[in-house]
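J.: Dropping the sequence and predicted coords here.
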Amino acid sequence: MEPRPLSRRAGAWSLVAMVMTLLHPAAAVAATAWPAESWTASTNLTSLNPTGWVTNLSGAFWNPTTRRLWTCTNKPAKFWSLRENGAGGFAIEREYTGTGDLEGITQIGTVADRVFLIDEQARTIRSYRISDGATLTTWFLSSITDWGNSGPEGLAFVPDAWLARNAFVDGNGVLYPQSLNGANGFGGLVFVAVQTSGWVYAFDLKNDGTFTFVGRYLTSHLESCELTFDESVGRMYVLHNIDGNLLQVTDLTSTVVGSDRKLTTISEFQVPSGSNIEGFAITPALNATNAVGDNWCFFTDDDNANGALRWFKQLYSKVEKHGGDGQTAEAGSAVATPPSVVVRDPFSNPMPGFPVTFAAVSGGGSVAGAGPSTDASGVAAIGAWNLGAIPGANTLTASGANLTGSPLSFTATGVDLTPPTASIVPVDPDPRSEPVDSIRIVFSEPVVNFDLADLQLSRDGGENLLTGSEALASADRITWSLETSALATLSGAYVLTLTPSNITDDAGNPLPGGATESWLMNSAVSVGTKSGGPAVALLGPPAPNPGHGGLRIPFALPRESRATLTVFDVRGRRVRTLAQGTFSRGEHWAVWDGRYGDGAPARAGVYFYHLQSGTTVLNQRGFLVR
């Protein structure tokens, strides 16, 4: 490769680049700052081979299974395997001699005994046996135009399983889910980066040296020199030795641009050096157990301006909040949006299958339905976050091993949103002949702003008997006692009604409705006795009780006298007069058909039967059903 592609490129290549620029302008994806340490802060491995790597160090590849770093030079045609030295560094394991203009290097998992290199000027891929360096198979890539020293440079292999899972398409947009060669192939496709116009080609290699051309794809820039595929996150890295050096990240999806297909750019990063950077290798974001990988990457500099081989170790995977923080919900219930996080590798790619632990750590809440790991978008969520029963602050954490930002804390506030309820304790006995000393009003929780103005006590539908001076007290603001001994002394139908005006619980939830209690007070007056007649006036209960019409209400008079029998509802409103006039001594009865005086049916409920004869007032209660 020429030292600097645009400034030192031959005139023919410059013409091609100019035409391609007009036809396919560069993508508008803004480059992101380099996410790791600076070039000079990285570890310089050039001292491992100061003579052999003075210049022309080009391709690089990391094998996560063998934990070997491979690299090559184009002049002379050499390549090396590097292993970890057990002391936090690397050592050269072996030097090999290859053929031609070696620019890119990779390995394929199905044939772990060999390494593949691209000869740029010969447009040829060769495989070499690792044990002795012998050349095994040669593929002449006739599909790539002969661009001389601006030809194919980068190599990467993508396995069938990933191609099928992600619906990869060929250069014509047709699904190409797996290698066509079966046992005679390598179980995937080999991708080749080309300097001229930045093309990436895809080939289905056969082990006899032939191949099927799958397609070619435009990239985000007019020069490409290196490819690295991270299967753990499904991303291909395309190194562009142009415009100050840029690292394009693609998911290998593509769209139609003119008569070509173009790889989708997910993101783009500025390489931390403006020198002649030609090689890039990366460790997988996720290891074999779906834990965070080494988080390393390597660059090679063909010009060795400040180190030919650099090792970057300050790359960090991270966890961030995705949703569900800072919510408010009723205490004891679930928040509306279950908390979720997103886990990304150092290049912001989502990390699928990564285990995340959610835990409710304060407030007494609980977590339900937490997913064991992230989905394809790198998102992990819980099914529900149930807040503690007591109103107040709740905290939940989400954590993942070796992630920057872990643990994350989510907060939520549990509030009381349940309104109070009220009831009046029934008067007992009812009917009764003695006044009621006090009545208890009971709320479901402590309340405020409850006073006598919220209560009304009436007899026979009359005016409010409460004057505002009666005692209304509570020790806990739940059970209240109203003093009534001086109020309910006369015979009649009494009704105590609670109608809230501004009663709330401590959280400010208003009492939504009131309560009612009624009772009968009977005070029979003796009127003398005649043979065969009652000694006092009598009023019996309706029959049947409850009933839905045709109710028979018996009454008896001790002597001939005027009497009125009237029906009232629980609010003391007159419903109908059943009997009125002068009645003889003895027993009588009236029948109520369950209707108002105008013939309209009365509602189901409690009704009072009121008999008045002279100074005698009697009451009974009955139930009307429908």
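T.: Happy to help now that I have it. Values in this document were obtained by computation on a predicted structure and should not be read as measured data.

J.: now the helices for the protein?
T.: For the chain, applying DSSP state H gives helices covering 11-23, 160-165.

J.: quick one: the nearest residue to residue 163 once chain neighbours are set aside and residue 185, what's the gap?
T.: In this structure, residue 163 finds its nearest non-sequential neighbour in residue 177, 5.5 Å apart by CB to CB, 6 or more residues apart in numbering. All C-beta spots, glycine's among them, are computed from the backbone N, C-alpha and C. Distance of residue 177 to residue 185, given as CB to CB, to the nearest Å: 14 Å.

J.: On the pLDDT front, check residue 521 for me.
T.: At residue 521, the model reports a pLDDT of 77.

J.: Could you do residue 601 as well?
T.: 91.

J.: That one - how many residues pack around it?
T.: Residue 601: 13 surrounding residues under other CB atoms under 10 Å.

J.: likewise residue 516?
T.: Count around residue 516 with other CB under 10 Å applied: 15.

J.: Name whatever forms a beta bridge with it.
T.: With DSSP bridges as the criterion, residue 516 is bridged to residue 497.

J.: In contact with it: list those residues for me.
T.: Applying CB atoms under 8 Å, 6 or more residues apart in numbering to residue 516 gives the contacts 424, 495, 496, 497, 498, 570, 571.

J.: ok, the second one touching residue 458?
T.: Yes - under the contact definition of CB atoms under 8 Å, residue 495 touches residue 458, with a separation of 5.3 Å.

J.: shared neighbours, these two?
T.: Joint contacts of residue 495 and residue 458 (CB under 8 Å, 6+ apart) are 571, 572.

J.: Can you pick out the residue with more neighbours from the two?
T.: residue 495 (22 against 19).

J.: Could I get the contacting residues of that one?
T.: 457, 458, 461, 516, 517, 518, 570, 571, 572.

J.: out of the residues you listed, which are buried?
T.: Burial by neighbour count, judged by 16 or more other CB atoms under 10 Å, picks out 457, 458, 461, 517, 518, 570, 572 from those.

J.: OK, contacts around the third one?
T.: Right, the one you point to is residue 461. With contact taken as CB under 8 Å, 6+ apart, residue 461 is in contact with 493, 495, 568, 571, 572, 573, 574.

J.: Wait, the last one touches residue 566, no?
T.: Yes - Residue 574 sits in contact with residue 566 when judged by CB under 8 Å, with a separation of 6.0 Å.

J.: Neighbour count: the two, which is higher?
T.: Neighbour totals were compared for residue 574 and residue 566, and residue 566 leads with 17 against 14 (other CB under 10 Å).

J.: do you know how far that one is from residue 555?
T.: To residue 555, residue 566 is 12 Å away according to CB to CB.

J.: Give the burial count for the residue nearest to residue 118 when sequence neighbours are not counted, as a bare number.
T.: With sequence-adjacent residues excluded and distances taken as CB to CB, 6+ apart, residue 118 is closest to residue 104, at 4.1 Å. When neighbours are defined as other CB under 10 Å, residue 104 has 28 of them.

J.: Now do residue 104, the pLDDT please.
T.: Looking at residue 104, its pLDDT is 98.

J.: Please apply the same query to residue 373.
T.: 94.

J.: roughly how far apart are it and residue 261?
T.: 33 Å.

J.: Could you check which of the two has the larger neighbour count?
T.: More neighbours surround residue 261 than the other of residue 373 and residue 261, with 19 against 14 (other CB under 10 Å).

J.: Tell me what that one is bridged to.
T.: Legend: beta-bridge partners of residue 261 under DSSP bridges are residue 256.

J.: wait, it sits on residue 218?
T.: Yes - look at residue 261 against residue 218 with CB under 8 Å: they come within range, at 7.1 Å.

J.: Could you pull up the residues touching residue 381?
T.: Residues near residue 381 by CB under 8 Å, 6+ apart: 322, 323, 324, 338, 339, 340, 341, 370, 371.

J.: What's the PyMOL syntax to select whichever of those residues are buried?
T.: The buried residues among these can be selected in PyMOL (16+ other CB under 10 Å) with this line:
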select buried, resi 322+324+338+339+340+341+370+371
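
J.: re earlier: of the helices of the chain, which shows the lowest average pLDDT?
T.: Lowest mean pLDDT within the helices of the chain: helix 11-23, at a mean of 44.
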